[in-house]
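Asker: build me a model:
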Amino acid sequence: MRSIRCCALAACFAVPASAATLEGSLELRWGDPAEASGAAPRFDVVLRGDDGTATPLDADRALAAAADLHALFGRRVLVEGEGHAVRGLVATAIVAADGARDTLRPAITGTTVWVTVMCRFADIADEQQPLSFFAGQYGENPGQLGHFWRDVSYDMINLAGSMAKGWYVLPHPRSHYVSDTSADLDALWRDCTAAADADVNYAANGGVQGINLMFNGELDGYAWGGGLCSELDGIFRCWSSTWNPPWSFQNLAPLGHEMGHGYGLPHANNSDGDSDPYDNPWDVMSGAWSNATFDTTYGILAKHLSTWHREQLGWIAPARKLAITADGIYTGLQLDRASLHGSTRLQMISVTESDAPDAPTITIEARQRTGVYEGNLAGSAVILHRVITDRPEPAWSIDADVPPANVADNEGSMFKVGESWQSPNGVVRIDVTAATAEGFVVRVVRIGDRLFANGFD
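Answerer: Next up, the predicted model:
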């Protein structure tokens, strides 16, 4: 959406006298309330200076100021903006400091070591689960996190070497860290990681990827996931991080959701237009609790990601995806279910709604109600998402019903054989023409600025 690249911000923009240009590492953190709490999600944007100084940014303006704010997660950035006493720094432009493409998200592949650190508030004695429970969460059996992340990434990542440590007693009572409305995530992270420092080498073998912090009491009504940039064991990096109260770590669905934030993924959404981003049960980054399977040890299990989120992390092989950016009629596109390992067909199709550089993209994927994680989906169907990168939840599931359902587990969100969808501007049409053993066959028509005629076939 923006075209800033390698120039200094002051040279690219008219800078008001009161404006500031700051450089640092970009932290994004998402707060997720407990299931059915009715609370709104939270989203914090922080610029972390080299000296550890945290400068809060107004989240709405930050989203508008970057071409793709989420793609800058954990990266070094330049931020131009003006200070505000309540809203923090109100950004007018955010770009990658190294001049790299602002929408280029580094792929996450290979071994990603996570460390669970369990911490007790000084005034709360409860230890809801033993160390063995947290260590077991990283296992490689179906229903454990090691297996889940290999499964959803097509073995592009693994959690080998991940470990759990604790319980450690924090130096302060809960009231020191948590008020009625907010938790001091920095202080919780700092004191909990420090408590485990003698037992964890955060810098070993190139460094830990992520830190799952487990607390034995409620935080501020939320579990949190995202990143925090700091020095541990002599290295400075932006650590994938989660902050979990008991209701989060007792179930792998919310914990998997927070770890997704730790990998830099935003929420998904449905298309009903309300402020609730938890009503798309086709993506663990939205409705993690709904249409999920259950394990007697690890509780509600995480579903898979949408293919757009998988692609953001570099997990879909080039031969398994097709990007349609030119007008034409594309027939006989065989689309295997997104959860299928070893597919030799497409698993993701994307089509742009126009030739404009910031045009919405429609993603097309097949989902089947099968397997350890997808066995309780609403059905087997083609699922469509409309992606606009500068909104809080870029990927919204598409619903053919008018008005859209409150939760996208309805027939209108599931496109089956004989059903079609047409973009609002009349440029894109998607037809589901047949079913296969592992998915569906689709046809995509893109016809530029010409509207479909009635009865087009």
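Asker: check which helix or strand covers Thr116.
Answerer: Using DSSP states H and E, Thr116 sits in strand 114-120.
Asker: from Phe215, how far out is the residue sitting nearest the centre point of the chain?
Answerer: Of all residues in the chain, the one closest to the mean position by C-alpha atoms, centre = their mean is Leu265, 2.0 Å from it. Distance, Leu265 to Phe215, using C-beta to C-beta, to the nearest Å: 23 Å. The way it works is simple: take the backbone N, C-alpha and C, and place the C-beta from them, glycine included.
Asker: rewinding a little: now the residue nearest to the centre of the chain: how far from Thr242?
Answerer: Separation of Leu265 from Thr242 (C-beta to C-beta): 12 Å.
Asker: isn't the residue nearest to the centre of the chain up against Arg310?
Answerer: No. Using C-beta atoms under 8 Å, Leu265 is not in contact with Arg310; the gap is 9.6 Å.
Asker: what stretches of the stretch 301-450 of the chain score poorly on pLDDT?
Answerer: Along the stretch 301-450 of the chain, the model assigns pLDDT under 70 to residues 449-450.
Asker: residue boundaries of the strands in it?
Answerer: Secondary structure of the stretch 301-450 of the chain by DSSP state E, counting those that start in this stretch: the strands cover 321-324, 328-336, 348-352, 361-367, 381-387, 395-397, 420-422, 428-436, 439-446.
Asker: starting at the chain centroid, how far to the second one?
Answerer: Looking back up the chat, that one is strand 328-336. Averaging C-alpha positions (C-alpha atoms, centre = their mean, to the nearest Å) puts strand 328-336 28 Å from its chain's average.
Asker: how about the residue nearest to Ala302 when sequence neighbours are not counted, secondary structure?
Answerer: In this structure, Ala302 finds its nearest non-sequential neighbour in Gly256, 3.2 Å apart by C-beta to C-beta, 6 or more residues apart in numbering. Look at Gly256: counting by DSSP: H, G, I helix; E, B strand; the rest coil, its state is helix.
Asker: these two touch, right, Gly256 and Leu145?
Answerer: Yes. Taking C-beta under 8 Å as the definition, Gly256 is a contact partner of Leu145 at 6.9 Å.
Asker: give me the more crowded residue out of those two.
Answerer: Gly256 (27 against 24; other C-beta atoms under 10 Å).
Asker: so the more buried one versus Leu28, what's the distance?
Answerer: For Gly256, the distance to Leu28 (C-beta to C-beta) stands at 18 Å.
Asker: for the closest residue to Thr433 other than its chain neighbours, give me its contacts.
Answerer: Excluding the flanking residues, the one nearest Thr433 by C-beta to C-beta, 6+ apart is Val441, at 5.0 Å. Residues counted as contacts of Val441 (C-beta atoms under 8 Å, 6 or more residues apart in numbering) are 332-335, 432-435.
Asker: drop anything exposed from these.
Answerer: Listed as buried from the contacts of Val441 are 333-335, 432; burial here means 16 or more other C-beta atoms under 10 Å.
Asker: which one of the residues you listed is nearest Tyr177?
Answerer: When those are compared for distance to Tyr177 (C-beta to C-beta), Leu335 wins out at 47.6 Å.
Asker: relative to Val445, how far out is that closest one?
Answerer: Per C-beta to C-beta, Leu335 is found 16 Å from Val445.
Asker: and the strand ranked longest in the chain, what does it pack onto?
Answerer: Of all the elements of type strand in the chain, the one with the most residues (DSSP state E) is strand 20-33. Secondary-structure packing of strand 20-33 (3 or more C-beta pairs under 8 Å, 6 or more residues apart in numbering; DSSP states H and E): strand 42-48, strand 54-57, strand 76-82, strand 222-232, strand 235-244, helix 252-262.
Asker: what is the orientation angle of the fifth one with strand 76-82?
Answerer: This points to strand 235-244. 70 degrees (axes from the mean of the first three to the mean of the last three C-alpha atoms, to 10 degrees).
Asker: and for the last one?
Answerer: Between the axis of helix 252-262 and that of strand 76-82 there is an angle of 80 degrees, by the same axes, to 10 degrees.
Asker: which secondary structure elements does helix 252-262 contact?
Answerer: If contacts are counted by 3+ C-beta pairs under 8 Å, 6+ apart, helix 252-262 sits against strand 20-33, helix 145-152, strand 210-215, strand 222-232, strand 235-244, helix 246-249, strand 299-300.
Asker: since that was my last question, I'll sign off now.
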